[in-house]
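Chemist: Any chance you could fold what I've pasted below:
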Amino acid sequence: MSTVRVRYAPDIRNYRYLIHPLKESAPIVEGFLYTKKQRDILNQYFHKGIDYASGYKIPVYASADGYAVAGYQRYTVLNEDNTPKLYNGKPFSCGLGYFIQIYHPYKISKVKGGRITIYGHLSKFANGIYAKTDKPLKIDYKKGIIKNNEERRKYKKGKEKIEEKIKSTRKLIWKYPWIKKLYGFSFSNDITKKESYLYTPQELKRLHKEGSKYVKWVKQGDIIGYTGTSGIIHGRPKYRENLSRPNIREFSTWDESHLHFQEASRDIKTGKKILNRDPYGIYLSKEHYNQFPYDTLFIDFEKKISL
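Modeler: Numbering: from 1, shown residues only. Sure, this is the predicted structure:
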């Protein structure tokens with residue numbers, strides 16, 4: 001049987017154009033595949049990115065030149081029946097939180113169509129970078145619960161269980177109102193309404209030329225933001241979401257403070273991330289990143305940096 005790397009590594013030129021998004025020697029706490037613990041929590045197998053453990057408000061650097069946009073994305077983690085999943089008795093959410101995406105055109109990445117890098121869970125953006133924020137979508141839990149329990153509706157006990165789920169979910173919404181909100185998922189074709197991370201390369205170039213404050217050309221090594229825990233909510237932390245210029249204080253949550261770093265391309269028609277690539281070419285979970293040389297995709301800040 002072929003390895004995960006052989007099965008999922010995109011067949012694209014491995015051109016070295018990136019530097020590390022953190023200058024500190026940060027350990028990796030999640031790799032391209034989720035660890036078993038994370039799979040059990042999130043019900044997902046693929047991480048398709050790298051999580052660097054870091055302190056709070058550590059500078060994050062652009063890994064290569066490109067067009068930078070910022071946004072806010074968050075979703076409540078759900079069970080298969082559309083009820084909120086609980087972790088230690090409380091609902092929790094995931095997503096990129098405050099994030100920056102940089103589009104690296106061909107002249108930078110040497111990949112046809114260009115590449116994107118993503119920097120997630122930020123606490124603050126650097127000067128001159130603004131998030132294009134939109135109103136959140138609302139989750140219709142009742143409709144989802146009923147839809148995901150069609151078989152049970154045929155029986156009296158099944159109907160009673162469905163009503164119990166709806167009732168308990170309403171109680172959770174009352175206690176944790178943020179679980180009903182879904183941020184960063186506006187897929188409108190209207191450029192004034194669509195999420196900035198879905199801008200096409202042509203739109204990015206045009207908006208930048210027109211002087212849009214939501215698109216900024218950054219150079220490799222520029223500070224673009226600061227690490228944090230945004231989007232990783234557990235229970236009911238007190239902070240305002242969906243701001244264009246966030247400054248989020250540190251708070252206790254279900255996951256550690258880290259930088260989510262990801263490299264991929266986007267389908268121009270759908271906006272879906274494609275050709276996701278492990279920057280280190282390992283394609284395994286965090287246990288496999290403990291000892292390895294930094295001589296794969298990256299250009300090092302120093303000759304040798306070890307984890």
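Chemist: make it CA atoms for all contacts and neighbour counts henceforth
Modeler: Will do.
Chemist: Tell me where the stretch 151-300 of the chain has helices.
Modeler: Taking DSSP state H, counting those that start in this stretch as the test, the helices found in the stretch 151-300 of the chain are 156-175, 201-210.
Chemist: What is the least confident helix or strand in this structure?
Modeler: strand 298-299 (a mean of 64; mean pLDDT, DSSP states H and E).
Chemist: May I have the residues that are in contact with Gly225?
Modeler: By C-alpha atoms under 8 Å, 6 or more residues apart in numbering, the contact list for Gly225 reads Pro59, Val60, Tyr61, Leu122, Ser123, Lys124, Phe125, Ala126.
Chemist: Look up how far Asp134 lies from it.
Modeler: 20 Å (C-alpha to C-alpha, to the nearest Å).
Chemist: so where's this structure uncertain?
Modeler: Residues of the chain meeting the criterion pLDDT under 70: 1, 25, 149-158, 291-307.
Chemist: center of it - which residue?
Modeler: Leu96 (3.1 Å; C-alpha atoms, centre = their mean).
Chemist: Any idea how many residues pack against the residue nearest to that one when sequence neighbours are not counted?
Modeler: Nearest non-adjacent residue to Leu96, counting by C-alpha to C-alpha, 6 or more residues apart in numbering: Gly120, 4.8 Å away. When neighbours are defined as other C-alpha atoms under 10 Å, Gly120 has 30 of them.
Chemist: Would you agree Gly120 is in contact with Phe99?
Modeler: Yes - contact criterion C-alpha atoms under 8 Å: Gly120 and Phe99 qualify, at 4.4 Å.
Chemist: now the strands: where do they sit in the stretch 1-150 of the chain?
Modeler: With DSSP state E, counting those that start in this stretch as the criterion, the stretch 1-150 of the chain has strands at 18-19, 28-30, 50-53, 59-61, 66-76, 86-87, 90-91, 93-104, 115-125, 137-138.
Chemist: closest one to Tyr280 among these?
Modeler: strand 50-53 (9.2 Å; C-alpha to C-alpha).
Chemist: What strands line up against the closest one, and which way round?
Modeler: Here strand 50-53 is paired, per DSSP bridges, with strand 28-30 (antiparallel), strand 258-266 (antiparallel).
Chemist: among those strands, which is the most enclosed?
Modeler: strand 258-266 (a mean of 24; mean count of other C-alpha atoms under 10 Å).
Chemist: Run the angle between it and strand 93-104 for me.
Modeler: 50 degrees (axes from the mean of the first three to the mean of the last three C-alpha atoms, to 10 degrees).
Chemist: hmm, who's touching strand 258-266?
Modeler: 21, 48-55, 96, 113-122, 227-229, 272-279.
Chemist: Filter those residues down to the buried ones.
Modeler: Buried members of the contacts of strand 258-266, scored by 16 or more other C-alpha atoms under 10 Å, are 21, 48-55, 96, 113-122, 227-229, 275-279.
Chemist: Please tell me how far Phe251 sits from Trp178.
Modeler: Taken as C-alpha to C-alpha, the span from Phe251 to Trp178 is 16 Å.
Chemist: Neighbour count: these two, which is higher?
Modeler: Neighbours were counted for Phe251 and for Trp178 using other C-alpha under 10 Å; Trp178 has more, 21 against 15.
Chemist: The residue found closest to that one once you drop the neighbours it is linked to in the chain - how many residues pack around it?
Modeler: Residue nearest to Trp178 in three dimensions, not counting chain neighbours: Arg236, with 7.9 Å by C-alpha to C-alpha, 6+ apart. For Arg236, the count of nearby residues is 16 (other C-alpha under 10 Å).
Chemist: For the nearest residue to Lys205 once chain neighbours are set aside, which residues are in contact?
Modeler: Leaving out its chain neighbours, the residue that sits closest to Lys205 by C-alpha to C-alpha, 6+ apart is Tyr67, at 8.0 Å. Contact analysis of Tyr67 by C-alpha under 8 Å, 6+ apart lists Ile102, Tyr103, His104, Leu204, Lys205, Val215, Lys216, Trp217, Val218.
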